[in-house]
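> Have a look at this prediction, sequence included:
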Amino acid sequence: MTTETNFTTIESKKNILFNRLLYGISVSVSLIFFLWHIDWMMGAAYLGLALAFDPFNPKVKWNDRPFYQRAWLFVHVILSISIFIFSIILKK
């Protein structure tokens with residue numbers, strides 16, 4: 001029984017690290033679009049896409065998460081939506 005628990009813990013840690021890697025890559029690509037290519041729409045898209053890869057433990061329910069994790073994700077959503085709306089206004 002401890003072998004199964006140990007195996008799931010290792011797999012869970014690998015999944016969290018993989019999600020953090022993909023989250024970091026998506027945020028980095030969005031920063032490249034913001035700073036280098038000056039393409040706000042693509043930057044906002046990659047910033048929003050980064051939320052698909054939860055950098056924290058995705059198995060933890062929203063209400064059970066610490067405040068800083070919920071605040072981080074909430075600010076990330078607000079920022080990506082704001083930049084998306086800003087890019088639509090800027091195109092007109």
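Everything's here; your move.
> Kindly state the pLDDT recorded for Thr3?
As predicted, Thr3 sits at a pLDDT of 52.
> Low-confidence regions, this structure specifically.
Scanning the chain for pLDDT under 70 picks out the ranges 1-8, 92.
> Where is the longest helix in it?
The longest helix of the chain (DSSP state H) is helix 2-35.
> From the contact counts, what lies against it?
Using 3 or more CB pairs under 8 Å, 6 or more residues apart in numbering; DSSP states H and E, the elements in contact with helix 2-35 are helix 40-49. Where you see a C-beta, it was placed from the backbone N, CA and C, and this is true even at glycine.
> Would you confirm that Asp39 contacts Phe33?
Yes - between Asp39 and Phe33 a contact is recorded at 4.8 Å, counting by CB atoms under 8 Å.
> Which one's more surrounded, these two?
Set Asp39 next to Phe33 and count neighbours by other CB atoms under 10 Å: Phe33 wins out with 19 against 15.
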